[in-house]
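Enquirer: Quick one: sequence plus predicted model below, questions after.
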Amino acid sequence: MGIFKHEHVQGLIPSATQLQDYKTTEQIFYNRMPKCGSTTMMALLKIVAKKNRWTYQYEVKLVANLTAKSTEPWIGDEQTLTKLIHLIMDHEKPMMASCHLYYTDFARFWSDQRLPTYINIIRNPQERLISFYYFIRFFPNHQRPMSDAKRNMSYDECVRQNDDECTGAHPKGYWTLIPYFCGHDPVCRKPSQAALEQAKANVMRSYAVVGITEDIDSFTQVLEQTIPKYFKGLAAEYRRLKKAGRNKAYSNARRKVKPKPETLEKMRPLLKLENEFYEFVKNRFYNQRSTINQNTLRDLQQSLPKRSSSLNCSIQSRPTYDGLAPWHQNLKWGP
């Protein structure tokens, strides 16, 4: 399986052509990562799927059997990968499929039909690792087999001892985020600049939206604006769920221990590439959100009567995420 050579792509956010394709897409693939808000998202997607009349296949059947092992979201041979792609593509449309699976280039195996549109949501790499560490130890129905000593070892101790689970440079250690967007090639499963660039290229080429768990509010809004025929009403459903406090039921915070500063300091250089990818996605997402905001305000301005010049809004360029201006309060957009 060859690595896609990253070429310079003009503009960080999706092009006008891509946006038009997203609005008319017949199939969406959500290759969700563990501990990135996917439980909350799946609950929301089931609701809007019913309201907007599309099928949500929230766990692709046989995926666990087709991957190398049930805990490894990659596929090691072309024949099995082809089988998986047909399993997804043959489903009645419109539909969304989701499962824990690395990025899959559908175009290599399914060139005669429209390809799925990707979406995803990610989390701060260090925070995700800590959450997942305690999740597989203590969360009901998700506890993995291990000795009591291993189960009760804190994340701090795991890092201090250089345990492979925490400091190993592979997908069962700390190298977890980039492989999900890089793909099934063995190169993707080892830390490298090539894997990082491949992951970035795949995001820009194939993903309509990649949000961040720290701002699900904006993620639901951008999804709704980008692919309305699928996600109409998604933002309102999330606000309703949040108000009811139902999303708190999925928290794994009871057994988590806050890591020591020296633990985070030791992990920082190991997570350099993972953090770079996270910041890339975060920057793209907030630029995308800002562009939607500008277009919404422009449409509002154009709809105002000409005589109401005192109400005209000045459309100014928006800064990127690190200095993002608050959104127009009447639009109820953003935090």
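Expert: The structure has been received and is ready for your questions. Numbering: from 1, shown residues only.
Enquirer: okay, CA-based contacts and neighbour counts for the rest of this
Expert: Will do.
Enquirer: Low-confidence regions, the stretch 201-335 of the chain specifically.
Expert: Regions of the stretch 201-335 of the chain meeting the criterion pLDDT under 70 cover residues 246-254, 297, 299-335.
Enquirer: Then the stretch 1-150 of the chain?
Expert: Under the criterion pLDDT under 70, the flagged ranges of the stretch 1-150 of the chain are 1-11, 58-71, 111-113.
Enquirer: which stretches of it form helices?
Expert: With DSSP state H, counting those that start in this stretch, the ranges of helices along the stretch 1-150 of the chain come out as 16-23, 38-52, 63-66, 78-89, 125-138, 148-151.
Enquirer: ok, now the stretch 151-300 of the chain?
Expert: Along the stretch 151-300 of the chain, the segments classed as helices by DSSP H, counting those that start in this stretch run 155-160, 164-167, 177-182, 193-206, 216-226, 228-231, 234-244, 261-267, 272-303.
Enquirer: if you compare those, which one is most tucked away?
Expert: Greatest average neighbour count among the helices of the stretch 151-300 of the chain goes to helix 177-182 (a mean of 26), per mean count of other Cα atoms under 10 Å.
Enquirer: Which neighbouring elements make contact with that helix?
Expert: Packing contacts for helix 177-182, counted by 3 or more Cα pairs under 8 Å, 6 or more residues apart in numbering; DSSP states H and E, involve helix 193-206, helix 272-303.
Enquirer: Pipe these into a markdown table and attach distance to Ile47 per row.
Expert: Written out in a markdown table, the entries for the helices and strands packed on helix 177-182 read as follows (distance: least, Cα to Cα, whole Å):
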| stretch | distance to Ile47 |
| --- | --- |
| helix 193-206 | 25 |
| helix 272-303 | 23 |
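Enquirer: what's the closest of those helices to Lys35?
Expert: Closest of these to Lys35 is helix 272-303, at 14.8 Å (criterion: Cα to Cα).
Enquirer: Direction-wise, compare the closest one with helix 216-226 and give the angle.
Expert: Helix 272-303 and helix 216-226 meet at an angle of 60 degrees, taking axes from the mean of the first three to the mean of the last three Cα atoms, to 10 degrees as the criterion.
Enquirer: Quick one: list the elements packing against helix 272-303.
Expert: Using 3+ Cα pairs under 8 Å, 6+ apart as the contact criterion, the secondary-structure elements in contact with helix 272-303 are helix 125-138, helix 177-182, helix 193-206, strand 207-212, helix 216-226.
Enquirer: closest one to Arg160 among those?
Expert: With Cα to Cα as the measure, helix 125-138 is the member of those nearest Arg160 (14.0 Å).
Enquirer: right, and the helices and strands packed on helix 272-303 - which one's nearest Arg32?
Expert: Between Arg32 and these, the shortest separation by Cα to Cα is 8.5 Å, and it involves helix 177-182.
Enquirer: average pLDDT across the closest one?
Expert: Here helix 177-182 scores 97 as its mean pLDDT.
Enquirer: on that earlier part again, take the helices and strands packed on helix 272-303 and write them to JSON lines, including distance to Arg53.
Expert: As requested, these are exported to JSON lines (distance: least, Cα to Cα, whole Å):
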{"stretch": "helix 125-138", "distance to Arg53": "33"}
{"stretch": "helix 177-182", "distance to Arg53": "29"}
{"stretch": "helix 193-206", "distance to Arg53": "24"}
{"stretch": "strand 207-212", "distance to Arg53": "20"}
{"stretch": "helix 216-226", "distance to Arg53": "15"}
